[in-house]
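# dropping a prediction and its sequence here:
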Amino acid sequence: MDGQNRKDIYPGLEVGIILKKDQRSGNITYGIVKDLLTSSAFHSRGIKVRLEDGQVGRVAEIVGD
């Protein structure tokens, strides 16, 4: 699953995100969602989230719950 739909993402979900600094390389950082930062229901580049460790990025993939 990709991370473009807000309804698929919720706090506590394990996801892979792309940090701003990794947009060119495409490196994925894994973690647990703490907050959803995108308010719209859909975003073409991925819903922006904050992980429990404080990192912020757009969801590239949903690992599991």
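Thanks, I have the structure now. Numbering: from 1, shown residues only.
# buried stuff in the worst-scoring helix or strand of the chain on mean pLDDT?
Sorting the helices and strands of the chain by mean pLDDT, DSSP states H and E puts strand 56-64 at the bottom, at a mean of 94. Across strand 56-64, burial judged by 16 or more other C-beta atoms under 10 Å covers 57-60, 62. (Glycine included, C-beta is placed from N, CA and C.)
# partners of that strand, with directions?
strand 14-19 (antiparallel), strand 48-51 (antiparallel) (DSSP bridges).
# tell me which residue lies nearest the centroid of the chain.
With distances taken as C-alpha atoms, centre = their mean, residue 59 lies nearest the centre of the chain, 2.5 Å away.
# distance of that one relative to residue 25?
17 Å (C-beta to C-beta, to the nearest Å).
# where does this structure dip in pLDDT?
1, 65 (pLDDT under 70).
# how about CSV for the strands paired with strand 56-64, with distance to residue 6 added?
Converted to CSV, those look like this (distance: least, C-beta to C-beta, whole Å):
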stretch, distance to residue 6
strand 14-19, 13
strand 48-51, 10
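# these: which one's closest to residue 31?
With C-beta to C-beta as the criterion, residue 31 lies closest to strand 48-51 of the strands paired with strand 56-64, at 3.6 Å.
# wait, is residue 40 part of a strand?
No - counting by DSSP: H, G, I helix; E, B strand; the rest coil, residue 40 falls outside a strand, being coil.
# surely it and residue 4 touch.
No - applying C-beta atoms under 8 Å as the test, residue 40 and residue 4 come out as separate, 10.4 Å apart.
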